[in-house]
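**Q** Take a look and give me a structure for this.
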Amino acid sequence: MKKITAFTYGIISYVIFFVTFLYSIGFVGNILVPKSIDATPVTPLSEALLVNAILLGIFAIQHSLMARPGFKNWWTKIVPKSVERSTYVLFSSLALIVLFAYWQPMGGVIWQSHDPVVELVLNALCAVGWTIVLVATFMINHFDLFGLRQVWFNLLGKEYQSVKFGTPGLYRHVRHPIYAGFIIAFWATPTMTVAHLFFAVMTTGYILIGILLEERDLVTYHGVRYSEYKRQVPMLVPRLRGRRAGKGTQAA
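**A** Take a look at the predicted model:
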């Protein structure tokens, strides 16, 4: 019964994540959601900036803190290891849901394109960014990343085995294609408002800080293999020429 409960919990957490991910696309792109990033402002700019900074800060703290090895070691004394990842995914989704619910639109246009071709290109680039995010998760095992593999192993009574370190597909060109996809999706817009710019700047800053923290943990865990991978492969922007990760090089 405990195994079935854990598996059901993992499925529910994943469904909540996936719905939140789809909502994120609509939120950033102002598509088919009740309140998007550029909805009609209802509060003064200073108040909106403060509220939005707090909301983004809550997500950043939760997302980074729960990903740290030290926190995981403490946390798995409270929750079973089989649902640790699912719980992380669930809490991250809930933090985003709170952000979407209480986000304060700010109005004001920084730049805007009226050229249909430019609009088409930027909207297509945004779609490419979101596609990169999703595709890159499958390249390193989508189901492990979002906790389903862990609860499946637990349901079968098998000992969990972590995914092997590897550099499939996009990971041969950049170390963090998921983060690169988010940055593309957040910045590629034909209409850049104050709210959208604030969101893009804050999330990009968080991504860069998150990469530093994540890579510190990866170097500690994988040692010289990850250090060599860092030396060979750029972080976010692929090289037009130069060395790529060799066939034996791998990355999480």
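**Q** List the contacts of residue 37.
**A** 27-28, 30, 103, 105, 193, 195-196, 199 (C-beta atoms under 8 Å, 6 or more residues apart in numbering). (Each C-beta comes from the backbone N, C-alpha and C, glycine too.)
**Q** Let me have those residues in JSON lines, extended by neighbour count, pLDDT and secondary structure.
**A** Shown next, in JSON lines, are these (neighbours: other C-beta atoms under 10 Å; pLDDT from 0 to 100; DSSP: H, G, I helix; E, B strand; the rest coil):
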{"residue": "27", "neighbour count": "23", "pLDDT": "96", "secondary structure": "helix"}
{"residue": "28", "neighbour count": "24", "pLDDT": "95", "secondary structure": "helix"}
{"residue": "30", "neighbour count": "16", "pLDDT": "91", "secondary structure": "coil"}
{"residue": "103", "neighbour count": "20", "pLDDT": "96", "secondary structure": "coil"}
{"residue": "105", "neighbour count": "20", "pLDDT": "90", "secondary structure": "coil"}
{"residue": "193", "neighbour count": "21", "pLDDT": "93", "secondary structure": "strand"}
{"residue": "195", "neighbour count": "24", "pLDDT": "94", "secondary structure": "helix"}
{"residue": "196", "neighbour count": "24", "pLDDT": "95", "secondary structure": "helix"}
{"residue": "199", "neighbour count": "22", "pLDDT": "96", "secondary structure": "helix"}
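**Q** And the residue nearest to residue 161 when sequence neighbours are not counted, how far from residue 27?
**A** Sequence neighbours aside, residue 153 is the residue nearest to residue 161 in space, at 7.6 Å (criterion: C-beta to C-beta, 6 or more residues apart in numbering). Look at residue 153 and residue 27: by C-beta to C-beta, to the nearest Å, they are 33 Å apart.
**Q** repeat for residue 80
**A** 32 Å.
**Q** next one: residue 134
**A** Distance from residue 134 to residue 27, by C-beta to C-beta: 16 Å.
**Q** Same check on residue 38?
**A** 10 Å.
**Q** repeat for residue 87
**A** From residue 87 to residue 27 the distance is 24 Å (C-beta to C-beta).
**Q** pretty sure residue 214 contacts residue 68?
**A** No. Assessed by C-beta atoms under 8 Å, residue 214 is found out of contact with residue 68, at 9.5 Å.
**Q** Between the two, which has more neighbouring residues?
**A** More neighbours surround residue 214 than the other of residue 214 and residue 68, with 18 against 15 (other C-beta atoms under 10 Å).
**Q** List the residues that contact that one.
**A** residue 67 are the contacts of residue 214 under C-beta under 8 Å, 6+ apart.
**Q** tell me the pLDDT at it?
**A** pLDDT recorded at residue 214 is 90.
**Q** Likewise for residue 144?
**A** Reported pLDDT for residue 144: 93.
**Q** separation between the closest residue to residue 109 other than its chain neighbours and residue 218?
**A** Residue nearest to residue 109 in three dimensions, not counting chain neighbours: residue 193, with 5.7 Å by C-beta to C-beta, 6+ apart. Applying C-beta to C-beta, the value for residue 193 to residue 218 is 36 Å.
**Q** for residue 205, same thing?
**A** Counting by C-beta to C-beta, the gap from residue 205 to residue 218 is 20 Å.
**Q** quick one, which of those two is more surrounded?
**A** Set side by side, residue 205 and residue 218 show more neighbours around residue 218, with 20 against 12, by other C-beta under 10 Å.
**Q** got the buried residues for the strand or helix carrying residue 48?
**A** Element membership for residue 48, per DSSP states H and E: helix 45-65. For helix 45-65, burial by neighbour count (16 or more other C-beta atoms under 10 Å) applies to 48-49, 52, 55-56, 59-60, 62-63.
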